[in-house]
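Asker: The following block contains a protein sequence and its predicted model.
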Amino acid sequence: MLPTFNRRRAALAALAAATVLGAGAYLKIRRDLNRALAAPGRLEAPLQLLPVRAEGPLAERWGGGEVEGVAATETTLATAGAAGLRDEGGEIASALPTLRVACVALWRGRLVAGLEAGGLYLRDGAGWQELVAGFGPLHVRALAETPGGELLIGAREGLFRAAWGARTLRKLDGHSVRAVALGPGGLMLAGGEEGLRRVEPARATLLPTPDPWIEWVGCPGQDVAVVTPLGLARGPLGGALAAVPGGEDATSAAVAGEEVLAAGGGRLLRFGPGRTREDFLPALPRKVLAASGLVFADTDAGLYRRTREGWVLARPRPAALPPGSAHVGALAWLGPRLVAGIFNGGLAVGEARGAEFAWTAVPGSRSWGVNALLPVGGALQVASLRGSARYDGRTLSEAGPEGAAFSLAATRDGVAVGLGQGVLLPGSRLLSAFHGLPGNQALALASGDALFVGTPTGLGAVVGNRVAWRVTAGEGRLPHPWITALALHRGDLFIGTYGGGVARRTAPADQPRALGTFQAFPETAALKVNTGCLAEAAGRLYLGTDGGGLWRLAPDGARFERLRIHLPSPRVTAILEGAGALFVGTDEGLARIPLPIPDEGT
């Protein structure tokens with residue numbers, strides 16, 4: 001028995017040793033892989049400055065009113081945010097490809113701005129130049145000028161440094177950056193989703209913080225301060241950062257000498273050596289910012305500047321959508337009022353005030369993530385991720401089953417609602433894939449001689465209470481099975497798909513409910529049509545795409561043509577005619593274009 005026992009012990013010992021060695025090898029491989037992924041890789045890449053030209057005429061547009069960054073000189077204040085880049089005269093960056101600006105700074109006295117959608121731009125007289133580097137597109141979220149006149153660029157893709165007039169861009173670190181700060185003695189700090197780092201010419205050292213997600217970093221006096229999801233923390237450089245008592249709600253901060261001003265929970269607090277004070281503003285502070293030794297606070301009433309006498313209004317809030325997201329998912333008229341359904345929010349109502357709209361948010365949580373709006377009997381039917389609701393101009397009320405609703409259509413018998421589990425017909429009959437539809441999720445509806453239903457897996461037609469026919473992938477009729485928009489125009493059904501462009505279905509005149517023939521538009525083959533973005537206006541059919549801008553069917557119906565109009569964003573998410581104009585919703589705001597829009601070359 002003893003030899004057998006010894007052999008078992010030896011086998012177990014060998015197994016344990018192999019396990020330890022295997023675990024060690026695994027940890028080493030993982031560590032080496034993480035280092036490789038975080039390494040800057042190529043340290044330098046070519047840098048070009050390319051002039052920016054607007055794609056076409058600028059449409060009148062509204063974004064959000066929130067300010068995300070400021071840049072100040074003795075004579076000028078530039079604000080960056082959801083309403084674009086603005087100075088005392090209004091918008092100054094209308095030529096840039098998108099509206100929303102994530103950050104702004106001064107570089108050798110000239111404005112430099114990073115767009116939320118990506119790209120870095122430098123002011124050149126009255127125009128702009130794009131900084132294009134060999135690293136690929138940069139999503140810039142923080143900018144700072146060093147004492148030596150170099151530009152620090154904090155981006156999702158890492159930390160970069162540009163020298164004035166240089167033809168190369170240098171990568172300092174490969175970790176994602178949300179905030180940068182410059183401290184005494186050339187100290188350089190960068191923070192993001194993966195922690196806070198001290199950046200030096202040859203290395204980046206991770207510093208301990210209460211939470212690895214760094215939203216803001218600053219250097220008050222000889223200390224380091226950060227804002228994380230746990231609030232405000234502060235400590236000496238090289239030492240531990242500890243939570244600041246009273247700073248648990250902080251979501252933004254700014255440095256003023258040895259003080260840190262932090263906004264959060266509707267309050268603005270000043271944390272100085274040994275004491276904490278609260279500052280009171282005429283409106284609740286949303287974000288606190290600093291530039292050129294000045295401190296600002298953004299509120300729903302506008303941007304305020306801190307002075308010796310207190311807080312004074314530095315810039316009123318521009319005409320804008322209500323606070324929150326400016327991603328417009330649907331548009332409709334309710335009498336003379338324009339109603340916008342927010343893609344990741346609720347409803348906003350615009351009252352015409354001359355050439356402008358005064359926007360207010362509709363209270364209540366019955367609708368969120370609005371997908372479609374339909375005027376019915378003096379009210380609006382609302383389809384959102386929280387189900388179907390009714391808005392009568394004053395209140396929101398439940399108007400259908402719970403569960404996500406994606407589309408609406410008026411039929412002879414009432415309103416049909418496209419749900420995640422099928423189509424709810426008037427009379428509460430539900431049709432789904434079980435009943436013959438090509439899929440359950442009804443993303444698009446159009447009502448004519450039949451009720452047409454678009455799903456991610458094809459097109460169906462409902463006549464009466466049954467499915468008359470369907471078209472699915474693999475039959476060769478549709479350019480793509482994922483149908484996102486449907487519209488009836490001049491007797492034909494136009495079908496928008498996400499990834500295959502547009503097709504037209506034509507039925508025989510004597511059999512309008514028959515399957516008919518299908519014809520794709522090859523010029524749209526690569527387009528992703530956004531939900532509900534096929535709409536008639538002034539007798540023409542308009543098409544909204546995800547990243548491809550606004551298109552229109554030619555007068556002869558033979559092709560779609562791109563409209564060269566400068567929108568808040570090329571991601572068109574809603575289209576509506578009214579008040580002599582075409583209203584176009586995007587993921588960064590709303591545009592108004594006077595009708596008729598002339599054809600190119602006329």
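Answerer: Everything's here; your move.
Asker: Just to be sure, residue 112 is in a strand?
Answerer: Yes. Per DSSP: H, G, I helix; E, B strand; the rest coil, residue 112 lies within a strand segment.
Asker: neighbours of the closest residue to it other than its chain neighbours, just the number please.
Answerer: Leaving aside its chain neighbours, residue 112 sits nearest to residue 122 (5.0 Å; criterion: CB to CB, 6 or more residues apart in numbering). The way it works is simple: take the backbone N, C-alpha and C, and place the C-beta from them, glycine included. Residue 122 has 19 neighbouring residues, counting by other CB atoms under 10 Å.
Asker: now residue 138
Answerer: Neighbour count for residue 138, taken as other CB under 10 Å: 22.
Asker: can you check residue 131 too?
Answerer: Using other CB under 10 Å, residue 131 has 21 other residues around it.
Asker: residue ranges for the helices of this protein, please.
Answerer: For the chain, helices defined by DSSP state H occupy the ranges 2-38.
Asker: For the residue nearest to residue 112, which residues are in contact?
Answerer: With contact set as CB atoms under 8 Å, 6 or more residues apart in numbering, residue 122 has these partners: 49, 107, 110-112, 128-131.
Asker: partners of it in the sheet?
Answerer: Beta bridges link residue 122 to residue 112, residue 129, judged by DSSP bridges.
Asker: Among the contacts of residue 122, the buried ones, what's the ChimeraX command?
Answerer: Of the contacts of residue 122, the buried ones can be selected in ChimeraX as follows, counting by 16 or more other CB atoms under 10 Å:
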select :107,111,112,128,129,130,131
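Asker: Quickly name whichever of the contacts of residue 122 is closest to residue 470.
Answerer: Nearest to residue 470 among the contacts of residue 122 is residue 130, at 47.0 Å by CB to CB.
Asker: ok, residue 465 touching residue 429?
Answerer: Yes. Between residue 465 and residue 429 there is a contact under CB atoms under 8 Å: 5.6 Å.
Asker: Could you check how far the nearest residue to residue 265 once chain neighbours are set aside is from residue 473?
Answerer: In space, and not counting its chain neighbours, residue 265 is closest to residue 249: 3.5 Å by CB to CB, 6+ apart. Distance, residue 249 to residue 473, using CB to CB, to the nearest Å: 51 Å.
Asker: ditto for residue 285
Answerer: According to CB to CB, residue 285 stands 52 Å off from residue 473.
Asker: higher neighbour count, those two?
Answerer: Set residue 285 next to residue 473 and count neighbours by other CB under 10 Å: residue 285 wins out with 25 against 14.
Asker: Now do the same contact list for the more buried one.
Answerer: Residue 285 neighbours (CB under 8 Å, 6+ apart): 263, 266-268, 297-299.
Asker: if you set the cut-off to 7 Å instead, what comes out?
Answerer: 263, 268, 297, 299 (CB atoms under 7 Å, 6 or more residues apart in numbering).
Asker: Among those residues, which one lies nearest to residue 532?
Answerer: residue 299 (34.1 Å).
Asker: Would you agree the closest one is in contact with residue 281?
Answerer: Yes. Applying CB atoms under 7 Å as the test, residue 299 and residue 281 come out as touching, 6.2 Å apart.
Asker: More neighbours: which of these two?
Answerer: Ranked by neighbour count (other CB under 10 Å), residue 299 and residue 281 place residue 299 first, with 23 against 17.
Asker: excluding its backbone neighbours, what's nearest the more buried one?
Answerer: residue 283 (3.7 Å).
Asker: can you check residue 168 too?
Answerer: residue 44 is the one closest to residue 168 (CB to CB, 6+ apart), at 4.7 Å.
Asker: ok, so what distance separates the one you found from residue 163?
Answerer: Counting by CB to CB, the gap from residue 44 to residue 163 is 11 Å.
Asker: list the contacts for residue 477?
Answerer: 471, 518.
Asker: where does this structure have low pLDDT?
Answerer: The chain contains residues with pLDDT under 70 at 1-42, 601-602.
Asker: mind redoing it with 80?
Answerer: Low-confidence segments of the chain (pLDDT under 80): 1-42, 55-56, 202, 274, 400-401, 600-602.
Asker: for residue 277, what are its contacts?
Answerer: Contact analysis of residue 277 by CB under 7 Å, 6+ apart lists residue 270.
Asker: So it versus residue 353, what's the distance?
Answerer: 39 Å.
Asker: Then residue 181?
Answerer: Look at residue 181 and residue 353: by CB to CB, they are 42 Å apart.
Asker: Thanks a lot, catch you later.
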